[in-house]
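# With the input below, show me the fold.
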Amino acid sequence: MDASPADRGPTLGVYDLLLPLGAGATGEVFLAKHRGLGRECAVKVLAPSVSWAGYDHAAHFREEGRLAAAVVHPNVVTTHAIGSDDGRDFIEMEYVAGGPLSRLLGEPWPVGRAVRLATRIADGVGQVHRAGIVHGDLKPGNVLLTLTGVPKVTDFGLAGRVADAAQRMSDGFTFGTKPFVAPEVLAGGAASPASDVYALGMLLRLMLDGPEAERACVVRPDEDRVPHGLRGAMERLTSAAPGARPADGVAAASLLAASHSTPVDLGRLISETFPDGSGVRVLEATADRHVVRVLCEAGRHQDVTIETGPPGSPGDLVVLSTRCGEANESAYGHLLRLNGTMAHGGFAVVEIDGRDEFVARDTYPIDTFDREELRRSVLELAARADALERLLTGQDRY
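Residues are numbered from 1 along each chain as shown. Okay, here's the model as predicted:
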């Protein structure tokens, strides 16, 4: 039975406001539920007390929603609706459960992981630029991560049309958050796609260098850890001269993709990631296929196959997979729920030897695959698949 209005807590139009997610100078974001559609979403509500002399903040808030809604891309938070209820303006957005990137920046990241994430962010920013929009405030707090680690750019509160950027600066509109503001913007110039690229470069630098990157004035990543090509790319992204940077997010994504492309030695990577005594041992090893056995709870085991370019997949991917047993339609709903909680990979139905089976799978670009990604993915896939096999069959075949 649906909760009565008295039991729901705070509401806004068709939304039940379940939990505050964050607040800023202009309003608050809530985890909400759309009662008509039955889905969770994020609702940003303009604070009723916001009032700047000579400035129509409500109109700007609605423009923020329209700008965000114009960009549809897997690496940009989707805007579902804008509206007003009882005089309160709101924007309904996709809810991203993993939280902001800023929570994960306490220590330097592995190079491959940082470049992969930055490239995806650049893809999203590139779509923003294709729509003729400057984001204006790209920073770790404005990049949300899904539970599977997919980055999504959010918060278009400072965004504006490229054609209008100079006029907005002359009106006293301030772009960005230090240290992600490009030098030309700090000097009073107009924000542009190139200034978003500068922010992207600083964000990547923060992932690679850790918190000290915010205080340094020159890009000096660890030369033993960061490949020469990537160092050069970072220097271009954060050049003091806008014309020396990639022109927009599209060009930045291409630069990053080309800057770190040394293929891994899969056999060496596996042996370094899982040394003797790690609870993982190699059962089979060929040039393009390895099988490792993972020790699980209660003396059980799970075998995970790690291969490059198997039939039906591109040759530049590493594919991890492990079997769980014959597919059972009654378990499909359970698998969908599990997929929503997995940080690495997910379950799929795959035909094997003429029958449908449940298989846990994960994929990575081979040129940026690293030990941390391998370790986390193998261990999670093995644990999840073994639990499902035990639930479905009670056996320990795979």
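# Quick check: residue 204 vs residue 383, distance?
According to CB to CB, to the nearest Å, residue 204 stands 32 Å off from residue 383. C-betas here are computed from N, CA, C, even on glycine.
# whoops, residue 142 was the one
To residue 383, residue 142 is 33 Å away according to CB to CB.
# the more surrounded of those two?
Higher neighbour count among residue 142 and residue 383: residue 142, with 24 against 15, using other CB atoms under 10 Å.
# Next up, the contacts around the residue lying closest to that one once chain neighbours are set aside.
Excluding its sequence neighbours, the residue lying closest to residue 142 (CB to CB, 6 or more residues apart in numbering) is residue 155, at 4.3 Å. By CB atoms under 8 Å, 6 or more residues apart in numbering, residue 155 lies in contact with 137, 141, 142.
# which SS class is residue 155?
Put simply, residue 155 is coil when judged by DSSP: H, G, I helix; E, B strand; the rest coil.
# Could you do residue 206 as well?
Per three-state DSSP, residue 206 ends up helix.
# ok, it - how many residues close by?
Taking other CB under 10 Å as the definition, residue 206 ends up with a neighbour count of 23.
# Could you do residue 299 as well?
For residue 299, using other CB under 10 Å, the count is 7.
# related to what we said a few turns ago, so which of the contacts of residue 155 is the closest to residue 287?
Nearest to residue 287 out of the contacts of residue 155 is residue 142 (CB to CB; 43.1 Å).
# Run through who's touching the helix or strand harbouring residue 252.
Assigned by DSSP states H and E, residue 252 belongs to helix 249-259. Under the criterion CB under 8 Å, 6+ apart, residues 115, 118-119, 122-130, 193, 196-197, 200-201, 204, 227, 229-230, 232-233, 236-237, 245-246 lie in contact with helix 249-259.
# Tell me the buried residues in that helix?
Residues of helix 249-259 classed as buried by neighbour count (16 or more other CB atoms under 10 Å): 249, 250, 251, 252, 253, 255, 256, 257, 259.
# What of stretch 283-300?
In terms of neighbour count (16+ other CB under 10 Å), stretch 283-300 has its buried residues at 290, 292, 293, 294, 296, 300.
# Now the last one: closest residue in space, sequence neighbours ignored.
Nearest non-adjacent residue to residue 300, counting by CB to CB, 6+ apart: residue 396, 4.8 Å away.
# Equivalent analysis for the first one, please.
The spatial neighbour of residue 290 that comes closest, neighbours along the chain excluded (CB to CB, 6+ apart), is residue 306 at 4.7 Å.
# check contacts around the residue nearest to residue 210 when sequence neighbours are not counted.
Excluding its sequence neighbours, the residue lying closest to residue 210 (CB to CB, 6+ apart) is residue 108, at 4.4 Å. Contacts for residue 108 (CB under 8 Å, 6+ apart) come out as 207, 208, 209, 210, 222, 225.
# Could you confirm residue 108 falls within a helix?
No: counting by three-state DSSP, residue 108 falls outside a helix, being coil.
# Just give me the closest of the buried residues of stretch 283-300 to residue 30.
The closest of these, once distances to residue 30 are taken by CB to CB, is residue 296, at 39.6 Å.
# ok, how many other residues are close to the residue nearest to that closest one when sequence neighbours are not counted?
In space, and not counting its chain neighbours, residue 296 is closest to residue 386: 4.4 Å by CB to CB, 6+ apart. When neighbours are counted by other CB under 10 Å, residue 386 registers 24.
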